[in-house]
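Asker: just to be clear, the model below is a prediction. Sequence and coordinates:
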Amino acid sequence: MQIGILETGHAPDALRPELGDYSELFERLLDGHGFAFRRYDVEGMVFPDRPDECDGWLITGSKHGAYEDHGFIAPLEALIREIHGAKIPLVGVCFGHQIIAQALGGKVEKFAGGWSIGRQPYAFEGRDIALNAWHQDQVVERPEGARTVASNDFCAHAGLAWGDHVFTIQPHPEFDARFIEGLATTRAIGVVPPDQIDQALANLDKPVDADVLADRMACVLKGAA
């Protein structure tokens with residue numbers, strides 16, 4: 001089956017040659033699940049012609065805020081509502097999580113509590129897991145019709161689901177230790193508090209449960225959630 005990756009941003013220039021762009025990270029994460037992928041640079045205003053142009057959809061992370069004034073935001077929200085209305089499988093990560101929630105009636109804002117970066121614990125569907133995070137924005141009001149499936153003390157709505165066909169997650173299962181290290185040494189300096197950077201770097205060798213999320217995302221995209 002073909003999965004359309006809606007690219008709402010791109011990896012930092014300094015990391016892309018060695019570690020790949022966001023689409024490549026997701027393709028590696030979901031390798032072995034039988035998917036073919038098609039990329040759409042929606043940040044650059046490249047959109048599918050129809051919501052059923054692919055069998056399922058995945059929305060990437062982005063440096064942008066879902067609440068900011070960018071040309072791609074309104075048409076992406078309209079596409080999200082079409083996909084959801086047709087019950088076509090849809091997955092969103094970080095910005096993807098936020099823009100889906102916003103498009104379907106939730107509220108996203110720059111969180112007053114600050115940043116979450118590096119390895120973080122989450123309660124996820126009845127189990128404790130750890131995933132890499134990199135965000136300041138978050139969903140602060142859950143949309144009507146959604147259920148919260150992941151959370152921690154910092155991020156109340158770290159994962160959301162609508163029925164069996166939409167699943168979104170705030171942290172980044174596609175980010176491995178090398179990518180977190182790259183972000184911490186290129187994007188975080190002067191932006192994220194130094195103690196949080198130090199903590200993220202100190203946790204690089206600790207395991208994360210990216211495989212759990214890859215399986216969950218694959219089930220949704222296959223319509224088998």
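Answerer: In hand now; what should we look at?
Asker: distance check, the residue sitting nearest the centre point of the chain against Gly20.
Answerer: Centroid-nearest residue in the chain: Val93, 1.1 Å away (criterion: C-alpha atoms, centre = their mean). According to C-beta to C-beta, to the nearest Å, Val93 stands 15 Å off from Gly20. Where C-beta positions appear, they are placed from N, C-alpha and C, glycine not excepted.
Asker: pull the number of nearby residues for the residue lying closest to Trp162 once chain neighbours are set aside.
Answerer: Once flanking residues are discounted, Trp162 sits nearest to Ala146: 5.3 Å by C-beta to C-beta, 6 or more residues apart in numbering. For Ala146, the neighbour count with other C-beta atoms under 10 Å is 21.
Asker: so Ala146 is in contact with Phe167, correct?
Answerer: No. Using C-beta atoms under 8 Å, Ala146 is not in contact with Phe167, being 10.3 Å away.
Asker: what residues do these two have in common as contacts?
Answerer: Common neighbours of Ala146 and Phe167 (criterion: C-beta atoms under 8 Å, 6 or more residues apart in numbering): Leu160, Ala161.
Asker: pop out the phi and psi values for the residue nearest to Trp162.
Answerer: Reported as degrees, to the nearest 10, the phi and psi values for Ala146 are phi -90, psi 150.
Asker: what of Gln136?
Answerer: According to degrees, to the nearest 10, Gln136 has phi -120, psi -40.
Asker: so how far is Asp69 from the nearest residue to it once chain neighbours are set aside?
Answerer: Using C-beta to C-beta, 6+ apart and skipping residues adjacent in sequence, the residue nearest Gln136 is Trp115, 4.9 Å away. From Trp115 across to Asp69, the span is 23 Å (C-beta to C-beta).
Asker: in three-state terms, label Gly113 for me.
Answerer: coil (DSSP: H, G, I helix; E, B strand; the rest coil).
Asker: list the contacts for it?
Answerer: Counting by C-beta under 8 Å, 6+ apart, Gly113 has contacts Phe154.
Asker: can you check the pLDDT for it?
Answerer: On pLDDT, Gly113 comes in at 94.
Asker: quick check: it vs Ala150, distance?
Answerer: Between Gly113 and Ala150 the distance is 17 Å, computed by C-beta to C-beta.
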